[in-house]
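Engineer: Sequence and predicted structure are below.
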Amino acid sequence: MTPTKAMLVGADGCKAGWIAVRRTPGMAPSVDVFASFTALLASLPDDAVIAVDMPIGLPEFSSKGGRGPEALVRPLLGARQSSVFSIPSRAALYADTNGFTTIEAWYAAHIRASEVAKTTSDPPRGVSIQAFGIFAKIREIDALLIARPDLHSRVYESHPEVAFCRLNGDRAMQLPKKIKGSINPAGMAERKALLCRHGYEMGFLDQPPPQGAAADDFLDAAAMMLIASRIARGEARPFPDPPGRDSLGIPIAIWA
């Protein structure tokens, strides 16, 4: 195992912006919420390694199953594979970048994005409600990676259920984190126990999440921090290996 002195960061989108679990090796982890990914980056040293639960690298044209990483990791997850949804084209992501003040405007924008997605995919495929719900956060990271190529070697895409699977000896979690949109205590307990086997204290994981983040966001960010550690030590695996690149040179891979 190669030691690392870099700060390790796991991040996940949440209602208030971004929840981040941060740890400097040799010190206890901390958890905070940031209004923007830019604010999160500003809080970190320049050599911090960040694993984030958000798609990075966007296709110009979407094939069946998504960009490629999605199709590679789904078979690992068994009953949890529905948590990995396909990412449409960059054009669909940017079809409507307005802020939405009404639910009607939100649904109208979803329809517009789906129309663009259908013209840039084969077979033609619209946009799921779940994927559309994180479009703004995908664009937020995309814009940063376009403006700052130096971040390509510091900010890595991961996925919580893939992370839990890899941390569990390549065995998918048996229980869902949520059932019909509500927290499943048994599924959360299963994941907390796994995180504790990888060095977390149960007292840290049992604390209420910061305001603006949900309990499952907190656990997902905690898992992402462990993936950041694996990346920093050279132990993480990218799907695909080697990673692809989008048309702007941004890496495309799910790391775990």
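Structural biologist: Good, I have the coordinates. Owing to the predicted nature of the structure, the values given are computational and were not obtained by experimental measurement. Residues are numbered from 1 along each chain as shown.
Engineer: Confirm that Arg139 sits in a strand.
Structural biologist: No. Using DSSP: H, G, I helix; E, B strand; the rest coil, the assignment for Arg139 is helix, not a strand.
Engineer: Next, work out how far apart the nearest residue to it once chain neighbours are set aside and Ser62 are.
Structural biologist: With sequence-adjacent residues excluded and distances taken as Cβ to Cβ, 6 or more residues apart in numbering, Arg139 is closest to Leu93, at 6.0 Å. C-beta: built from backbone N, CA, C; applies to glycine. Here Leu93 is placed at a distance of 11 Å from Ser62 (Cβ to Cβ, to the nearest Å).
Engineer: list residues touching both of those two?
Structural biologist: Ile87 (Cβ atoms under 8 Å, 6 or more residues apart in numbering).
Engineer: quick one: the residue nearest to Arg139 and Pro59 touch, right?
Structural biologist: No. Leu93 lies out of contact with Pro59 (Cβ atoms under 8 Å); the separation is 9.8 Å.
Engineer: can you list residues touching both of those two?
Structural biologist: Common neighbours of Leu93 and Pro59 (Cβ under 8 Å, 6+ apart) are Ile87.
Engineer: Can you pull the phi/psi pair for the most centrally placed residue in the chain?
Structural biologist: The chain has Asp53 as the residue nearest its centroid, 1.0 Å off, counting by Cα atoms, centre = their mean. Phi and psi for Asp53, reported as degrees, to the nearest 10, are phi -80, psi 80.
Engineer: which ones are touching the spatially closest residue to it that is not a sequence neighbour?
Structural biologist: Spatially, and ignoring its direct neighbours in sequence, Asp53 is nearest to Asp12 (4.4 Å; Cβ to Cβ, 6+ apart). Counting by Cβ under 8 Å, 6+ apart, Asp12 makes contact with Trp18, Ile19, Val52, Asp53, Met54, Pro160, Asp217, Asp220, Ala221, Met224.
Engineer: Check the residues you listed and tell me the two furthest apart.
Structural biologist: Trp18 and Pro160 (14.3 Å; Cβ to Cβ).
Engineer: More neighbours: the two, which one.
Structural biologist: Trp18 (28 against 25; other Cβ atoms under 10 Å).
Engineer: mean confidence score for the helix or strand where the more buried one lies?
Structural biologist: According to DSSP states H and E, Trp18 maps onto strand 17-23. In this model, strand 17-23 has a mean pLDDT of 98.
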